[in-house]
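A.B. asks: Return a 3D structure for these sequence lines:
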Amino acid sequence: MAGSMIRVAILGAGGLGKAAVRIIGMKKEMRLVAICDSSGFAYKKDGLSTKEILNLKYHVSVGDLSCGRRASDAIGEIINLSSKIDGVFVALPNLPNRFIPDVTRRFIDSNCPYVFTDALKRTGAVRLMFKLDKGLKKTKSVYITGCGATPGLLTAAAVIAAQSFIKVEDVNIRWGVGISNWEAYKATIREDIAHMPGYTVEKARRMSDGEVEKLLARTGGRLELHEMEHADDILLKRVGVVDSNNKVHVGGVMDTRSSKKPVSTTMTLTGITFEGKRSSHKFILGDETSMAANVIGPALGYLKRAIWLKERRLYGIFGSTEFMPMVVK
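C.D. replies: Model prediction:
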């Protein structure tokens, strides 16, 4: 991998997908060669135009790009490009829980080796992903899941913080997100609504844009969430940081009417040292860093790590707590 250009495909062209387009455009080691949405796809061997993609208006498909094409099965078109892609970042909606696992199964069924990362958040969805390990190994593919901010950046920090303690008592993650235009992150907001009392994954998925807007009007544009079903729990338990999912707590505040974070994003890990002292480590993200920066940066770093694993013939699915992300120059 040293000195080689990593050819990347993005599944999904919503808020996170377009943020990934922008960030990849600033990297020397990565080149965006393919992208798809529900209506079409685009591929260019020498790299897609970042400017052209970012200039697309909402509800306009990437299939309408100069090198794009409308397609009834855009994901299938990306699967057909297996030999021309080194890594895939999955920026598809996380609703329902089976959606991304089912998409991954399609790649497995193609019998082609692939490398993936995603920003999956829900415990149920990540649990389904781990069931794909056998198929991924069979096709000599690598998948690192839960690679965003939480889980991802903050859970990786928790693994490092845990090293100071003989016993970890509690991991508390509290995030703050500010976005000035909710339309750019419709899928993300629906995922958060699904964590609210009285809502389910299916109910949130079926909400119309108008229904979401009415909800946001009632809450002043803010969503405050507690004890979220976040995969930080199973990912931290998987590597032995905690012995029970109940020791991991995730919540936060999203403001859909301002780009300023309503609260700082923090990860606090509390434990007992070998001397018998109770203490806490706190990891605080800069308020100036956006949700997209804290999700896409780690996801691309983990994508480079996943390619590193494939080169060493370590196949299957892993969580973001099992490896450090690499730096993408």
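A.B. asks: where are the low-confidence patches of this protein?
C.D. replies: Within the chain, the segments meeting pLDDT under 70 span 1-3.
A.B. asks: Find the nearest non-adjacent residue to the residue nearest the centre of the chain, please.
C.D. replies: Central residue of the chain (CA atoms, centre = their mean): residue 119, 1.0 Å from the mean position. Distances taken as CB to CB, 6 or more residues apart in numbering put residue 148 closest to residue 119, at 3.3 Å, once the chain neighbours are dropped. Where you see a C-beta, it was placed from the backbone N, CA and C, and this is true even at glycine.
A.B. asks: since we're on that neighbour, how many residues are nearby?
C.D. replies: Using other CB atoms under 10 Å, residue 148 has 27 other residues around it.
A.B. asks: All the strands of the stretch 51-200 of the chain, residue numbers only.
C.D. replies: For the stretch 51-200 of the chain, the strands defined by DSSP state E, counting those that start in this stretch cover 68-70, 87-90, 115-118, 142-145, 167-178.
A.B. asks: Correction: the previous question concerned the stretch 201-329 of the chain.
C.D. replies: 222-225, 248-255, 266-272, 278-284, 316-319.
A.B. asks: which other helices and strands contact the second one?
C.D. replies: When you say that, I think you mean strand 248-255. strand 167-178, strand 222-225, helix 232-238 (3 or more CB pairs under 8 Å, 6 or more residues apart in numbering; DSSP states H and E).
A.B. asks: Give me the contacts around the last one.
C.D. replies: By that I understand helix 232-238. 123, 126-127, 146, 150-151, 154-155, 158-159, 171, 173, 242-245, 248, 250, 319-322 (CB atoms under 8 Å, 6 or more residues apart in numbering).
A.B. asks: if we can go back for a sec, ok, the residue nearest to the centre of the chain touching residue 16?
C.D. replies: Yes. Counting by CB atoms under 8 Å, residue 16 is a contact partner of residue 119 at 6.5 Å.
A.B. asks: Distance to residue 268 added to the helices and strands packed on strand 248-255, as a markdown table?
C.D. replies: Below are those laid out as a markdown table (distance: least, CB to CB, whole Å):
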| stretch | distance to residue 268 |
| --- | --- |
| strand 167-178 | 5 |
| strand 222-225 | 17 |
| helix 232-238 | 13 |
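A.B. asks: looking at those, which is buried most?
C.D. replies: For the helices and strands packed on strand 248-255, the largest average neighbour count (mean count of other CB atoms under 10 Å) is found in helix 232-238, namely a mean of 23.
A.B. asks: hmm, back to that, turn the strands of the stretch 51-200 of the chain into CSV, columns for distance to residue 43.
C.D. replies: Listed next are the strands of the stretch 51-200 of the chain as CSV, based on distance: least, CB to CB, whole Å:
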stretch, distance to residue 43
strand 68-70, 8
strand 87-90, 13
strand 115-118, 17
strand 142-145, 22
strand 167-178, 32
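A.B. asks: among those, which is nearest residue 25?
C.D. replies: strand 87-90 (13.5 Å; CB to CB).
A.B. asks: For the closest one, name the packing helices and strands.
C.D. replies: Packing partners of strand 87-90 (3+ CB pairs under 8 Å, 6+ apart): strand 6-11, helix 99-109, strand 115-118, helix 291-311.
A.B. asks: Quick check: buried residues in the second one?
C.D. replies: Of the residues in helix 99-109, 99, 100, 101, 103, 104, 107, 108 count as buried by neighbour count, 16 or more other CB atoms under 10 Å.
A.B. asks: Need the strands of the stretch 201-329 of the chain in TSV (columns: distance to residue 11).
C.D. replies: Formatted as TSV, the strands of the stretch 201-329 of the chain follow (distance: least, CB to CB, whole Å):
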stretch	distance to residue 11
strand 222-225	26
strand 248-255	24
strand 266-272	28
strand 278-284	29
strand 316-319	16
